[in-house]
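Participant: coords below, sequence missing:
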């Protein structure tokens with residue numbers, strides 16, 4: 001489910017209006033209305049000022065996401081929505097404010113969020129995009145297997161602003177539409193991640209990808225089956241899939257922009273790689289029952305890449321993008337890969353498999369090798385790769401590794417603008433021996449209890465040749481244990497917003 005979001009002028013009448021959100025900043029003297037708000041919205045009066053002492057008595061300080069309902073007679077509820085410190089230039093506060101408003105606005109009907117006519121710290125189109133995005137993401141619900149609807153939300157959000165010049169009004173409307181599109185792409189990823197594993201095998205996921213991308217302008221899709229994967233020498237993918245009755249698949253998705261951006265006489269080309277373990281039992285290195293419960297989410301990286309590729313045409317991406325999505329089940333069947341086995345990967349390098357539950361790096365090794373052969377300028381992979389990344393950074397921050405400081409900076413800036421938290425991590429050469437093998441080129445585990453996320457990243461670095469490469473370990477933020485802000489319980493779609501922002505605002 002994706003909330004319907006559109007834009008109207010402040011003077012427009014709106015049917016079924018149940019709530020109006022009024023943005024409020026936290027100033028030096030207490031809460032204050034955002035500058036440039038209209039006196040009325042959609043036919044209903046708005047407060048002209050606020051009494052800070054009254055706000056204090058109500059427990060309202062205007063921190064980000066705080067909501068206070070004003071009791072004001074008939075009509076829709078007027079809600080003060082906190083933005084945090086006045087003058088902040090971070091659009092994330094608008095996402096979180098809009099999300100809090102949607103969660104407070106009740107069920108059914110339409111709600112209106114009022115934008116200021118001036119905002120010195122953030123452009124109005126940026127605000128429109130952030131509000132639309134945060135609201136739509138907060139309204140997301142996964143109901144495919146529900147026989148009753150459960151808790152509901154509003155059906156429509158209108159973003160409204162007072163009289164502004166026509167070109168500004170158009171730009172804000174474009175921003176609102178962009179935010180809704182990005183939220184739609186994130187919701188695609190969330191739907192895939194939340195789907196039960198027997199309803200999303202590699203074959204089914206490949207079919208859904210074809211359906212999702214069918215008819216999208218400038219996109220071509222190839223689906224490689226097990227025979228093609230074996231013929232291409234993708235030994236990591238074949239090895240991981242051996243224990244499952246479900247055959248592996250690999251997607252190659254090519255996007256060619258209609259209006260390309262040329263840099264130095266050529267169109268930049270970026271490869272995206274997403275880990276697609278549609279269910280991870282751990283293989284013969286079997287997980288505990290508790291550890292297996294949420295392993296349907298081990299394809300979150302693949303979901304992020306698929307959703308990003310689907311968004312490229314509408315997001316106006318002007319660079320070439322090629323997505324590689326390897327998809328497997330990791331199961332303990334009679335033909336399963338055994339601890340001590342050696343696999344030969346696409347680029348000829350061999351990996352000793354000491355733990356079959358460290359399988360993601362095996363399928364990524366093959367996909368990264370394919371990506372580097374595609375004459376790309378940069379490679380970015382997204383994967384729920386290691387519990388060590390979660391131990392280091394928790395459930396809200398992804399670990400960012402790279403062999404190229406310039407690319408790392410670009411990804412980090414894109415994540416910051418998109419509102420997704422990433423943190424740069426080192427790959428010290430002194431740790432290279434953590435993955436040394438006695439019988440193969442490398443092993444798929446590091447030193448017990450030490451630098452697990454780093455050793456996994458250092459293994460992946462062997463498969464990107466000299467290409468600029470960034471690796472996002474999203475094991476923590478790919479799934480949320482509770483509904484909070486614009487996150488819903490379950491799959492978060494983490495990575496989609498960062499990748500779309502990186503590609504649509506490509507820094508040459």
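Facilitator: Sure, I can see it. Here the structure is a predicted model, which is why all the values come from computation and not from measurement.
Participant: Could you point out which residue ranges in the stretch 201-350 of the chain have low pLDDT?
Facilitator: Counting by pLDDT under 70, the stretch 201-350 of the chain has no low-confidence residues at all.
Participant: Would you map the strands across it?
Facilitator: Taking DSSP state E, counting those that start in this stretch, the strands of the stretch 201-350 of the chain run over residues 219-224, 249-255, 269-274, 276-280, 320-330, 341-344, 350-353.
Participant: domains in this protein, as residue ranges please.
Facilitator: 4-187, 196-504 (automatic domain parsing).
Participant: Can you check what angle separates the lengthiest helix in the chain from strand 276-280?
Facilitator: The longest helix of the chain (DSSP state H) is helix 166-194. Calculated by axes from the mean of the first three to the mean of the last three CA atoms, to 10 degrees, helix 166-194 forms an angle of 40 degrees with strand 276-280.
Participant: Run through the neighbouring helices and strands of helix 166-194.
Facilitator: strand 4-9, helix 124-138, strand 156-161, helix 202-213, helix 300-311, strand 490-491, helix 496-504 (3 or more CB pairs under 8 Å, 6 or more residues apart in numbering; DSSP states H and E). For glycine as for every other residue, the C-beta is placed from the backbone atoms N, C-alpha and C.
Participant: Please work out which residues outside stretch 357-366 touch it.
Facilitator: Contacts to stretch 357-366, defined as CB atoms under 8 Å, 6 or more residues apart in numbering, come from residues 234-237, 239-240, 273, 275-277, 280, 282-283, 285-287, 298, 326, 328, 330, 343, 345-346, 349, 351, 353, 381, 383-385, 444-445, 456, 459-460, 462-463.
Participant: Pull the distance from that stretch to the chain's centre.
Facilitator: In terms of CA atoms, centre = their mean, to the nearest Å, the centre of stretch 357-366 is found 21 Å from the chain centre.
Participant: likewise stretch 40-51?
Facilitator: 36 Å.
Participant: With stretch 326-334 instead?
Facilitator: Centre-to-centre, stretch 326-334 and its host chain are 25 Å apart (CA atoms, centre = their mean).
Participant: Which positions in it come out as buried?
Facilitator: Counting neighbours by 16 or more other CB atoms under 10 Å, one finds that the buried residues in stretch 326-334 are 326-333.
Participant: who's in contact with that stretch?
Facilitator: 197, 201-202, 205-206, 234, 237, 240-246, 248-251, 275-284, 286, 298-299, 302, 356-357, 359, 363-364, 366-367.
Participant: any idea how far residue 455 is from residue 289?
Facilitator: 27 Å (CB to CB, to the nearest Å).
Participant: wait, I meant residue 117
Facilitator: Going from residue 117 to residue 455 by CB to CB gives 53 Å.
Participant: picking up where we left off before, pick the most deeply packed of the domains of the chain.
Facilitator: domain 196-504 (a mean of 21; mean count of other CB atoms under 10 Å).
Participant: Figure out which of the helices and strands packed on helix 166-194 is closest to residue 48.
Facilitator: Closest of the helices and strands packed on helix 166-194 to residue 48 is strand 156-161, at 17.1 Å (criterion: CB to CB).
Participant: and the angle for that closest one with helix 124-138?
Facilitator: 160 degrees.
Participant: can you give me the angle strand 156-161 makes with strand 4-9?
Facilitator: With the same axes, to 10 degrees applied, the angle from strand 156-161 to strand 4-9 works out at 30 degrees.
Participant: who touches strand 156-161?
Facilitator: By CB under 8 Å, 6+ apart, strand 156-161 touches 3-10, 12, 14, 16, 38, 41-42, 98, 102, 109-117, 124, 128, 131-132, 135-136, 139, 169, 172, 176.
Participant: next one: stretch 172-188
Facilitator: For stretch 172-188, the surrounding residues in contact (CB under 8 Å, 6+ apart) are 1-3, 5-7, 115, 124-137, 140, 159, 161, 164, 212, 303, 306-308, 310-311, 314-315, 492-493, 496-497, 500.
Participant: Could you rerun that using 7 Å?
Facilitator: Here stretch 172-188 makes contact (CB atoms under 7 Å, 6 or more residues apart in numbering) with 2, 5-7, 124-126, 128-133, 136-137, 140, 159, 161, 212, 307-308, 310-311, 314-315, 493, 496-497, 500.
Participant: Likewise for stretch 385-396?
Facilitator: Here stretch 385-396 makes contact (CB under 7 Å, 6+ apart) with 275, 360-361, 399, 421, 423, 452-453, 456, 473, 475-477.
Participant: ok, now stretch 25-38?
Facilitator: 10, 22-24, 46-47, 49-50, 52, 55-56, 60-63, 82-86, 114, 116-118, 162.
Participant: ok, now stretch 367-375?
Facilitator: Contacts to stretch 367-375, defined as CB under 7 Å, 6+ apart, come from residues 269, 271, 273, 322, 324, 326, 345-347, 379, 381, 460, 463-465, 467.
Participant: now do stretch 407-416
Facilitator: Contacts of stretch 407-416 (CB under 7 Å, 6+ apart): 378, 380, 400, 402, 422, 424, 468, 470, 498, 501-502, 505, 507.
Participant: Ok, stretch 454-468 next?
Facilitator: 345, 347, 349, 361, 364-365, 368-369, 372, 376, 378-379, 385-386, 401, 403-404, 407, 425-427, 431-432, 434-435, 442, 444, 446, 471.
Participant: Give the rounded mean pLDDT of that stretch.
Facilitator: In this model, stretch 454-468 has an average pLDDT of 97.
Participant: Check the gap between the nearest residue to residue 263 once chain neighbours are set aside and residue 334 for me.
Facilitator: Take residue 263 and drop its neighbours on the chain: the residue closest to it by CB to CB, 6 or more residues apart in numbering is residue 508, 4.2 Å away. The gap separating residue 508 from residue 334 is 52 Å, by CB to CB.
Participant: now swap in residue 451 and tell me
Facilitator: For residue 451 relative to residue 334 (CB to CB), the value is 35 Å.
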